[in-house]
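Q: Need coordinates for the below:
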Amino acid sequence: MKIDLFDFHLPEELIAQTPLANREASRLLMLNKNTGETKHHETFRAILSYLNEGDCLVLNDTRVLPARLYGEKSDTGAKIEVLLLKQVEGDRWETLVKPAKRVKEGTSILFGDGRLKATCRQELEHGGRILEFAYDGVFYEVLESLGEMPLPPYIKEQLDDQERYQTVYARERGSAAAPTAGLHFTEQLLEDIRQKGVHLAFITLHVGLGTFRPVNVENIEEHDMHAEFYQMTEGTARLLNEVKEKGGRIIAVGTTSTRTLETIASRHNGTFIAESGWTDIFIYPGYQFQAIDGMITNFHLPKSTLIMLVSALAGRENVLRAYKEAVEKRYRFFSFGDAMLII
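A: Residues are numbered from 1 along each chain as shown. All right, here's what the predicted structure looks like:
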């Protein structure tokens, strides 16, 4: 399947650079995955009208680390930028550093007047480095005080309130990027959804920067997906199995929730069990869904693995037609943009 099949024209001014003051103020496009029919709503709160008693929303409760650090080499004072990708073990992390040529094995980097120190233990490809950190106190508290949010490369503006790049239910630290479909929910909207008899289930998938890695092959089947850590609890697995047995719909909030649910269901004959591990599942048209009935998602980049996943659920032509409408109606795109419901 050719990558160009997933291309579309997107005016640059439609890429949302800042979040709206009110999370619920995002617009909502509903796409019927079977007929291709669309409906447009001025606020995300319209989601309530599409949810039925007995349905289940599945939300990713990962919390984004303020994973971008600015430091300097202890010997020369040269400026170094570090981006944490994932914890390897203990205080060792896989990172990206810039400029990578200045950081060799044994190089020492200081952050925040020495409150945090990193030593390069291993050189990897493409600017990757294994760094070992030393500090006093609790690592995550030091990181909160020194780090910045690692916003996607297409966002050029600075974020005034770092919590706006977190969901209101973010709990489990570990992501390099936010599960952005969840940014539209407020505490009040979640409570209103519960009051309607809709279940809320939480899973964890720590989003890696591979989410933004472009597909550089002509035939998408040759693309290698990045692996991300996921976890499902016993309580969530039990709830999801019960919802399915009673005929309720499972609606994933975001592509990350979708990938987690489909990973587990595909390994256990369409059922859910408590487990954790790494997934590199690649979902594109032709994939047979076993876990979800619908999905809430943002509008994605052309030629990205995310638009391929959405196309697998709703059909490529339906999705591209809906995206064309979204462009014509001036929807806001990408992480801080508007939302789409596919049912």
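
Q: where in the stretch 101-250 of the chain is pLDDT low?
A: Low-confidence segments of the stretch 101-250 of the chain (pLDDT under 70): 211-212.

Q: ok, which stretches of it are helices?
A: Counting by DSSP state H, counting those that start in this stretch, residue ranges of the helices within the stretch 101-250 of the chain are 139-146, 187-195, 234-245.

Q: Does anything pack onto the last one? Which helices or strands?
A: Using 3 or more CB pairs under 8 Å, 6 or more residues apart in numbering; DSSP states H and E, the elements in contact with helix 234-245 are strand 56-60, strand 199-205, strand 250-253. C-betas here are computed from N, CA, C, even on glycine.

Q: Kindly reformat those as TSV containing mean neighbour count and distance to Thr38.
A: Putting the helices and strands packed on helix 234-245 into TSV (neighbours: other CB atoms under 10 Å; distance: least, CB to CB, whole Å) gives the following:
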stretch	mean neighbour count	distance to Thr38
strand 56-60	26	21
strand 199-205	22	26
strand 250-253	27	17
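
Q: Which among those is found nearest to Glu141?
A: Comparing those against Glu141 with CB to CB, the closest turns out to be strand 199-205 (20.9 Å).

Q: Can you report how many residues neighbour Ala46?
A: A total of 17 residues lie near Ala46 under the criterion other CB atoms under 10 Å.

Q: and if you look at Arg194?
A: Every residue meeting other CB under 10 Å relative to Arg194 is counted, giving 12.

Q: I figured it was touching Leu200, is that so?
A: Yes. Proximity of Arg194 to Leu200 meets the contact threshold set by CB atoms under 8 Å, at 6.3 Å.

Q: Most tightly packed of the helices of the stretch 101-250 of the chain?
A: For these, the stretch with the most neighbours on average is helix 234-245, a mean of 16; neighbours defined as mean count of other CB atoms under 10 Å.

Q: From the rest of the structure, what touches it?
A: Residues outside helix 234-245 that contact it (CB atoms under 8 Å, 6 or more residues apart in numbering) are 54-56, 58, 199, 201-203, 249-250, 261, 264, 271-274.

Q: If we only consider those, which is nearest to Lys33?
A: Top of the list for closeness to Lys33, among the contacts of helix 234-245 and by CB to CB, is Arg249 at 11.8 Å.

Q: how much space between that closest one and Leu320?
A: 25 Å (CB to CB, to the nearest Å).

Q: swap in Gly112?
A: Distance of Gly112 to Leu320, computed by CB to CB: 47 Å.

Q: Identify the bridge partners of the nearest residue to Tyr140 once chain neighbours are set aside.
A: The shortest distance from Tyr140 to any non-neighbouring residue, by CB to CB, 6 or more residues apart in numbering, is to Arg173 (6.1 Å). Beta-bridge pairing of Arg173 under DSSP bridges involves Arg63.

Q: Show me which positions of the longest strand anywhere in the chain end up buried.
A: Longest strand in the chain by number of residues, with DSSP state E as the criterion: strand 79-89. For strand 79-89, the buried set under the neighbour-count rule, 16 or more other CB atoms under 10 Å, comprises Ile80, Val82, Leu83, Leu84, Leu85, Lys86, Gln87.

Q: How about stretch 289-302?
A: If you call a residue buried by 16+ other CB under 10 Å, then stretch 289-302 has these buried ones: Phe289, Ala291, Ile292, Asp293, Gly294, Met295, Ile296, Thr297, Asn298, Phe299, His300, Leu301.
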